[in-house]
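Enquirer: Sequence first, then the predicted structure:
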Amino acid sequence: MNQESAKTTALAHPNIALVKYWGKRDIERNIPAVGSLSITLDGLTTTTTVRFDPGLEDDRFFFDGREAPEMAGRVTCCLDRVRRRAGVSTYAVVESENDFPTAAGLASSASGFAALVVAADAALGAGLDRSELADLARQASGSAARSLFGGFVELKLTPDGPYPTETGQLLEPSAWPLRVLVAVTDPGPKAVGSTEGMLMTENTSPFYPTWVESSPADLSEARAAVQRRDFEALADVSESSCLKMHAAMLSARPGLVYWNGTTVQGIRRVRELRSGGVPVFFTVDAGPQLKAVCLPEAFERVERELAAIPGVTSMVASGLGDGARVVGDRR
Ligand code: PMV
C-alpha cells in the first residue's frame with residue numbers, strides 16, 4: 001500500500017442455509033461442526049467501504065451512518081487477518097450499510113463480513129483468492145464464507161486441506177432461479193445469539209451427536225437435488241435439516257425455542273400448500289421468521305398466503321444473487 005489512504009467499496013448479499021450449520025468443531029478458530037448448503041439472495045444488500053489511513057490511531061466502525069464501537073472488536077479482528085496477510089498494520093475506517101431491516105432475521109453478519117474481507121483485500125491490493133477470502137470471512141462468522149459466492153453454495157469441512165473449510169459455488173443463480181419470501185413474525189431482537197445457542201446445544205442436548213453425524217448424508221442429498229434441479233427432493237431434505245436443527249436446539253437445557261405461534265402457523269401453511277401442488281418449502285433459522293423458498297411460478301400465491309397469516313408483520317422478497325464483489329475503488 002502506498003502512503004495515500006486506500007479506499008474500496010464492496011457489496012455482499014445475505015444467504016439462507018438449506019442444509020444448516022449449527023455447532024462448532026473448534027470454538028477458538030470458529031470451525032463449524034458440520035458443512036452447510038445455502039442460497040445467496042439478491043434482493044438485500046450490505047455495502048461496505050473500507051479506507052485504510054496511515055493517520056489513524058485505531059480502527060473505526062460506522063453502521064448505518066452511526067459509529068458502532070460495540071461492533072468494532074469483531075471488525076478489527078477480521079481486518080487484522082487481512083492486514084497480516086497483506087503485511088501492513090495501517091488502521092481503517094469502515095462504513096457499512098444494509099438496505100434491509102435487521103429484523104428480517106437474515107444474517108447481516110454473513111453479508112457484512114463477506115463485504116468487509118472483499119473491500120479490505122482490494123483496498124490493500126493483497127490479491128487474496130476467493131478460497132482464502134472465504135476462509136477469513138468464516139473465521140468472523142460461519143455463514144459469512146457462503147456470501148462470498150452466488151447462487152447455490154456449499155461449505156465443506158476439509159480438515160486435511162489448506163483451510164479447515166472450503167466454500168464454493170454449486171450452481172449459478174440463473175441456472176435455477178428460485179424465489180425466497182421472508183415472513184417477519186417478530187421484528188424484535190433475537191433472544192439468544194447463534195454462538196451462545198450453539199454452545200448450549202453442544203453442551204446439553206442429547207440429540208447433538210446425532211445432528212452432527214447425520215449432516216453429511218443431508219449435504220449429499222441436497223447437493224444431488226440441486227444438481228438435478230429436483231425441487232421436491234430439495235424441499236424434503238431442507239425441511240428435514242431445519243427441523244432436525246430445531247430439535248437439537250429444543251432439546252438443549254434450557255431448551256432454545258426460537259419459534260413463536262406464527263412461525264408454526266407458517267410452517268403448517270407452507271406444508272398444506274405443497275401438498276396441494278404448490279412448489280414451496282420452508283426454513284427457519286435462529287429466530288422466529290419464516291423463510292419460504294419457491295419456484296418462480298408459485299411466488300405470488302405464496303406471498304398472498306403468507307401475508308394473510310395473522311401475526312405476519314411484514315414480508316421481504318428476493319431472488320438469487322451473486323457473491324460479494326468490489327463496486328468502487330478509489331486511491
Ligand atoms: O454464522 P452464524 O454464527 O450467524 O450462524 C448461522 C446459524 C444458522 O443461521 C442458524 C444456520 C446457517 O447455516 O446459517
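Expert: Perfect, I can see it now.

Enquirer: need the residues of this protein near the ligand, please.
Expert: Counting by CB under 6 Å from any ligand atom, the residues of the chain close to the ligand are 17, 20-22, 36, 107, 109, 141-143, 194-195, 285-286. Where you see a C-beta, it was placed from the backbone N, CA and C, and this is true even at glycine.

Enquirer: Distance of the residue of the stretch 201-331 of the chain at minimum distance from the ligand relative to W259?
Expert: Closest to the ligand within the stretch 201-331 of the chain is D285: 3.9 Å, counting by CB to the nearest ligand atom. Counting by CB to CB, to the nearest Å, the gap from D285 to W259 is 11 Å.

Enquirer: Please apply the same query to L155.
Expert: L155 is 25 Å from W259, by CB to CB.

Enquirer: Tally up the residues packed near the nearest residue to A191 once chain neighbours are set aside, please.
Expert: Nearest residue to A191, sequence neighbours excluded (CB to CB, 6 or more residues apart in numbering): Y258, at 7.5 Å. Neighbour count for Y258, taken as other CB atoms under 10 Å: 20.

Enquirer: and Y258, helix, strand or coil?
Expert: Following DSSP: H, G, I helix; E, B strand; the rest coil, the label given to Y258 is coil.

Enquirer: Show me what the closest residue to E67 other than its chain neighbours is bridged to.
Expert: The shortest distance from E67 to any non-neighbouring residue, by CB to CB, 6+ apart, is to R60 (6.6 Å). In this entry, R60 is beta-bridged to V93, by DSSP bridges.

Enquirer: Show me the strands in the stretch 1-150 of the chain, by range?
Expert: 6-12, 15-19, 24-26, 31-32, 36-40, 46-52, 60-63, 66-67, 92-98 (DSSP state E, counting those that start in this stretch).

Enquirer: what's the answer for the stretch 151-300 of the chain, then?
Expert: 152-157, 165-171, 179-184, 280-283, 290-294.

Enquirer: Export those strands to CSV and append columns for distance to V264 and mean pLDDT.
Expert: Output for the strands of the stretch 151-300 of the chain, formatted as CSV (distance: least, CB to CB, whole Å; pLDDT from 0 to 100):
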stretch, distance to V264, mean pLDDT
strand 152-157, 28, 98
strand 165-171, 31, 98
strand 179-184, 12, 96
strand 280-283, 11, 98
strand 290-294, 9, 97
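
Enquirer: Tabulate these in a markdown table, adding columns for mean neighbour count.
Expert: Converted to a markdown table, these look like this (neighbours: other CB atoms under 10 Å):
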| stretch | mean neighbour count |
| --- | --- |
| strand 152-157 | 22 |
| strand 165-171 | 20 |
| strand 179-184 | 24 |
| strand 280-283 | 25 |
| strand 290-294 | 26 |
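
Enquirer: Out of those, flag the one nearest G311.
Expert: Of all the strands of the stretch 151-300 of the chain, strand 179-184 sits nearest to G311, with 9.1 Å by CB to CB.

Enquirer: Neighbouring strands - and their directions - for the closest one?
Expert: By DSSP bridges, strand 179-184 pairs with strand 290-294 (antiparallel), strand 314-318 (antiparallel).

Enquirer: Make a markdown table from those and add distance to S215 to it.
Expert: As requested, the strands paired with strand 179-184 are arranged in a markdown table below (distance: least, CB to CB, whole Å):
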| stretch | distance to S215 |
| --- | --- |
| strand 290-294 | 19 |
| strand 314-318 | 26 |
